[in-house]
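**Student:** Quick one, fold the following:
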Amino acid sequence: MGQGRRALVAAAVTASVAGVLVGVPASASATGTAGSGCVVYRNLTEHVLSATYDDAPPAGYSVGDGGSWHNELTDRSGKVVADAVGNSRVLFQTGDELWTEQDNTDTLANGAVVRSVGVTSVNDLTAGVKQTIEAWGLSGRYEGWRGERSFKLTGEDVYESSLWLCPRT
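**Tutor:** Predicted structure coming up:
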């Protein structure tokens, strides 16, 4: 599978959301903003462990294409922070731009489960432009929390990702 197709599949994940990830210089550990009660996972490396790609007619990137993935998010020391699974589907096209729905489920090392879903640009993703989608805690420590997951393609099957979640008030 070529880099472009892997990128589309990986984008379909996260995901996740594959994690919601924001590339901000800081440690990859969870940290809160003073007084906010929020948790932030930064500078994570997201590796695609496995991926599938469904090339719907016509051949090549087009509406209806999709895929699924299994990714792993690690901090700078290589410690696993989360396991991500997800899928994507190209929903529509405007001019030369393809838009895909990303649906990720991240299971954090502490057992919390976070889901992230949103629409992203296939063109921007494959060009290495950071994508951000909405995230929310489904269970565990962050159940009911809301935030964002960001991811940016940095190499073949590798993303820079981040996730932040805040308690609902």
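**Student:** got the contact list for residue 140?
**Tutor:** 108, 110-113 (Cβ atoms under 8 Å, 6 or more residues apart in numbering). Quick note: C-beta positions are derived from backbone N, CA and C, even for glycine.
**Student:** Need the buried ones from the residues you listed selected in PyMOL.
**Tutor:** In PyMOL syntax, the buried subset of the contacts of residue 140 is picked out as below (16 or more other Cβ atoms under 10 Å):
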select buried, resi 108+112+113
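**Student:** The contacts of residue 140: which two are farthest apart?
**Tutor:** Across the contacts of residue 140, the longest distance by Cβ to Cβ is 10.3 Å; it joins 110 and 113.
**Student:** contacting residues for residue 81?
**Tutor:** Contacts for residue 81 were tallied using Cβ under 8 Å, 6+ apart; they are 28, 41, 44, 73-75, 108-109.
**Student:** which stretches of this structure have low pLDDT?
**Tutor:** 1-35 (pLDDT under 70).
**Student:** go with 80
**Tutor:** The chain contains residues with pLDDT under 80 at 1-36, 169.
**Student:** Strands of that one, residue ranges please.
**Tutor:** Using DSSP state E, the strands of the chain run over residues 39-54, 66-74, 80-94, 97-108, 113-121, 131-139, 146-155, 158-166.
**Student:** could these go into a markdown table alongside distance to residue 60?
**Tutor:** Below are these laid out as a markdown table (distance: least, Cβ to Cβ, whole Å):
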| stretch | distance to residue 60 |
| --- | --- |
| strand 39-54 | 12 |
| strand 66-74 | 14 |
| strand 80-94 | 11 |
| strand 97-108 | 10 |
| strand 113-121 | 17 |
| strand 131-139 | 21 |
| strand 146-155 | 19 |
| strand 158-166 | 23 |
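**Student:** among the ones you listed, which is the most enclosed?
**Tutor:** strand 158-166 (a mean of 26; mean count of other Cβ atoms under 10 Å).
**Student:** That one pairs with which strands?
**Tutor:** strand 39-54 (antiparallel), strand 146-155 (antiparallel) (DSSP bridges).
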